[in-house]
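Participant: Below is the structure, and that's it, no one-letter string:
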């Protein structure tokens, strides 16, 4: 195939993407992402209730520490899922990879909903929990790269920051939905019943929703960028190709994700436990505070996404990380001694408003750094690797500092990592102008 023929074929492939198909793709991609992350966050949202069933020995902090270790184990599978699904998405298509990832999440969630606890099968119970989390980790590792790539490619050049921000908005909505299910169950079920068996309900809900999303994703249109790659006859992506041809971009995504992911888990999933275990609020109050803060956080994502289309993604990233590096220590210290739920809520909202400078645009920035033939792998692999080291261990490190009697050490750790990410963001090229997503 000549260059002219390849270009003509690519142009023809691109032209079939209508505005209606584009909108359907954004909605469908976001809906699937929501369910995937709901299933993932259901674990952390209900940890306070199911931890004694799988780790019956020790006090509450010890039980949470063991459950957090399993949470971290799930992250170990994410780089493998990102690697495998990234390669698959760059070879077989974004839509096909998205369908496979949600099917795997369904399997992991239903397993947790149905598995016996420690009282029934002894030490095999935590082993089964680990296996289920590994399956979910494989799924989510592939989900992020495929959905971030797909939604960024389908967003359109003029408002790419705005439309692609719904990718992370759906992540937050997934977490918020998990908390919403928790709040409903807390109010409808006796505490004894919720602690005894009610914690299984959210995992069953997630498994059923994943089946629905699987069929939705099968009907989505493939992105113009992937169609263009197919039409051009470009070689399929390989790991060596990524590391050889794009080492700087790969390392920068790792560095940006390190600070962003650590802060995200510190400000959201760990914060719920922090409000109970350190500040002293009840489980129900901590859940309500977290849910209220997440609502604002979710609504800020498209606002920041639109802002990135106007002021530049590099500017927004740098400002967000720098502000987080300065604000984390005093904000976490203030929440630790907060006397009222409102005070804790306002401070938490402030932290999440700062973090939105990263989260709203993290998907599109990463996608814009890579050419289409290696984009899904390039977005997914360094992101997932950084999540293992920093995001997946956030709760464990925080609880370790607390158990050692130096809880404020965790605040310093988060601040330092955000400062490093700020320096990396400052050295980023302006992807608004130099984006490698060529199709509109």
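Facilitator: That came through fine. Predicted, not measured: the structure shown is a model, and the values here were computed from it. Residues are numbered from 1 along each chain as shown.
Participant: Can you report how many residues neighbour the spatially closest residue to residue 33 that is not a sequence neighbour?
Facilitator: Leaving aside its chain neighbours, residue 33 sits nearest to residue 170 (4.2 Å; criterion: CB to CB, 6 or more residues apart in numbering). (Glycine included, C-beta is placed from N, CA and C.) Residues near residue 170, counting by other CB atoms under 10 Å, number 27.
Participant: does residue 170 sit in a helix, a strand or a coil?
Facilitator: helix (DSSP: H, G, I helix; E, B strand; the rest coil).
Participant: Would you confirm that it contacts residue 38?
Facilitator: No: counting by CB atoms under 8 Å, residue 170 does not reach residue 38; the two are 9.4 Å apart.
Participant: Next, show the common contact partners of those two.
Facilitator: Shared contacts of residue 170 and residue 38 (CB atoms under 8 Å, 6 or more residues apart in numbering): none.
Participant: what's downstream of the helix or strand hosting residue 186, the next helix or strand?
Facilitator: Assigned by DSSP states H and E, residue 186 belongs to helix 160-188. Per DSSP H and E, helix 160-188 leads on to helix 191-196 as the next helix or strand towards the C-terminus.
Participant: List the buried residues for that following helix?
Facilitator: If you call a residue buried by 16 or more other CB atoms under 10 Å, then helix 191-196 has these buried ones: residue 194.
Participant: Who are the packing partners of it?
Facilitator: In terms of contacts (3 or more CB pairs under 8 Å, 6 or more residues apart in numbering; DSSP states H and E), helix 191-196 is packed against helix 47-54.
Participant: Next, the angle from the helix or strand just after the helix it packs on to helix 47-54.
Facilitator: Next helix or strand after helix 47-54 toward the C-terminus (DSSP H and E): helix 60-76. Relative orientation of helix 60-76 versus helix 47-54 (axes from the mean of the first three to the mean of the last three CA atoms, to 10 degrees): 90 degrees.
Participant: residues making contact with helix 60-76?
Facilitator: Contacts for helix 60-76 (CB under 8 Å, 6+ apart): 40, 43-44, 47-48, 50-52, 54-56, 58, 126, 129-130, 133-134, 136-137, 140, 273, 277, 387-388, 391-393, 395-396, 399-400, 402-403.
Participant: secondary structure class for residue 436?
Facilitator: coil.
Participant: Who are the contact partners of it?
Facilitator: 368, 369, 370, 371, 372, 375.
Participant: So for residue 58, what's the pLDDT?
Facilitator: Looking at residue 58, its pLDDT stands at 65.
Participant: Low-confidence ranges, this protein, go.
Facilitator: 1-18, 58-60, 440 (pLDDT under 70).
Participant: At the geometric centre of it, which residue sits there?
Facilitator: residue 171 (5.8 Å; CA atoms, centre = their mean).
Participant: Skip the chain neighbours and tell me the closest residue to that one.
Facilitator: Nearest to residue 171 is residue 37, by CB to CB, 6+ apart, at 4.7 Å.
Participant: Show me which residues of the host helix or strand of that neighbour are buried.
Facilitator: Secondary-structure element containing residue 37, defined by DSSP H and E: helix 19-45. Buried residues in helix 19-45, counted by 16+ other CB under 10 Å: 22, 24-26, 28-45.
Participant: List the contacts of residue 425.
Facilitator: Residue 425 neighbours (CB under 8 Å, 6+ apart): 256, 314, 317, 318, 321.
Participant: try 6 Å
Facilitator: By CB atoms under 6 Å, 6 or more residues apart in numbering, residue 425 lies in contact with 317, 318, 321.
Participant: now residue 346
Facilitator: No contacts exist for residue 346 under CB under 6 Å, 6+ apart.
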